[in-house]
Each structure stands twice: as C-alpha cells, then as structure tokens.
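S.K.: with the sequence up front, the predicted model follows.
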Amino acid sequence: MNKVEAVGDWDVRGQDFDTALVGPITPTIIDADRLVRLEWKNGFPNWMLYRSALAGDSLYLSRLRHWVVAFSVAYCTTGGMKKSAYSEETACVAAWDALHMVLFRRQIQPYAETAEALGVHHSTYKRLRSHLYVSMAGSLDEYWIRLGAAYRHIILYERNAERNRRNAIVGPSSQDAI
C-alpha cells in the first residue's frame, strides 16, 4: 500500500509556535511585532535583537552594533561609570563584548584580559559589560515572551476569522423578500 504514516507530532500538528518564530519572517510575525510595539516600548531595538540572537539573521548586525555602542556611551556618560575611568574605547569594547554574549551566549575572552588590554580595572570593565549584557538580555527575554503571546493571539484571530467566514450565515436574498 502507498499509505504514509505519521511519524511524530510535527506530522500531525504542524510546526510549534517557537519554531515558527525563529523561521522566515511572515505576515503573522510582523503583525505580532506590531501588537507588541503598540503595548510595550522600552527603547531597545527588540526586533533586531530577536532576529539576530534567536533567528540567526545577520541583516541587522551592523545597525545593532551602532546602537549598542551608543547605548554604552550614553550609560557611561550619564553616571554609569566613573568619569576618571571612562574612555570611548572601553565603552565600545564593552558594548561589543556584551552584544556578543547576547548573540552567542558566551564571552569572547575573559573580562580580566580585556580589561588589562584596555588599561581599566577588571571590576570596572566587568560591571559595565555585565550591565549592558543584562539590560539587552532582559529586554530580549521580555520581548520574546510578548512576541510569543502576540503571535498566538494573531494565529487564534486568523483561525476564528477563517472559521467565521466559512460558517457565515447568509441573510435573505432579494428574491426571498419578494
């Protein structure tokens, strides 16, 4: 017989939501992102973080690097780091290091080696890099949760709209009224 048997859950139920969200960009994912942006704004480039870190897109990396350096410099110059220890080089390297940790979940090299190369105390560098990493990772985690919920909401809405369209009750036609 030429009968094909279902092998696993994937065959029966299709892709799960998390797998769909890390796949190609679809109109449903874009709609879910729009819903999230309407309800929650924190100033982070959440879409770029999500597509780069979780979906593996490299399209946004250049813009993301620029943003994280600007974020690091702004943080350092507004009291996040002692003025005597601040340098643009330290802010830039810490930003790139933190971004690398968000993208690949590991550090480039031990923070003590980087701090020594920059001429900064290791605890100062670690504090800066950790703050940048925790800020970006926290924003990404919150965005991922919200995007998943919005995606499920959009899928449910689309399914209900399709079901309602198929089961629509057609009113009396003009012939029946006569």
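M.R.: Thanks, I have the structure now. Numbers count the residues shown, from 1 in each chain.

S.K.: show me what contacts the closest residue to residue 59 other than its chain neighbours?
M.R.: Leaving aside its sequence neighbours, residue 59 sits nearest to residue 51 (C-beta to C-beta, 6 or more residues apart in numbering; 7.1 Å). (C-beta placed from N, C-alpha, C; glycine too.) With contact taken as C-beta atoms under 8 Å, 6 or more residues apart in numbering, residue 51 is in contact with 25, 57, 59, 60.

S.K.: so of these, which ones are in helices?
M.R.: Among the contacts of residue 51, no residue falls in helices (DSSP state H).

S.K.: mind putting the residues you listed into TSV with distance to residue 116, pLDDT and neighbour count?
M.R.: Putting these into TSV (distance: C-beta to C-beta, whole Å; pLDDT from 0 to 100; neighbours: other C-beta atoms under 10 Å) gives the following:
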residue	distance to residue 116	pLDDT	neighbour count
25	42	95	13
57	34	93	15
59	35	94	11
60	32	95	18
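
S.K.: quick one: which of these is nearest to residue 148?
M.R.: Using C-beta to C-beta, the shortest approach to residue 148 within the contacts of residue 51 belongs to residue 25, at 15.4 Å.

S.K.: so the residue lying closest to the closest one once chain neighbours are set aside, which of the three states?
M.R.: Excluding the flanking residues, the one nearest residue 25 by C-beta to C-beta, 6+ apart is residue 51, at 7.8 Å. Following DSSP: H, G, I helix; E, B strand; the rest coil, the label given to residue 51 is helix.

S.K.: check which residues of the helix or strand containing residue 114 are buried.
M.R.: Per DSSP states H and E, residue 114 falls inside helix 111-118. Using 16 or more other C-beta atoms under 10 Å as the test for burial, helix 111-118 gives 111, 114, 115, 118.

S.K.: who does the next helix or strand after it touch, helix- and strand-wise?
M.R.: Later in the chain than helix 111-118, the nearest helix or strand by DSSP H and E is helix 122-166. Contact here means 3 or more C-beta pairs under 8 Å, 6 or more residues apart in numbering; DSSP states H and E; on that basis helix 122-166 packs against helix 17-21, helix 27-39, helix 46-49, helix 61-75, helix 88-104, helix 111-118.

S.K.: nearest to residue 159, of those?
M.R.: helix 27-39 (11.1 Å).

S.K.: that closest one packs against which elements?
M.R.: helix 122-166.
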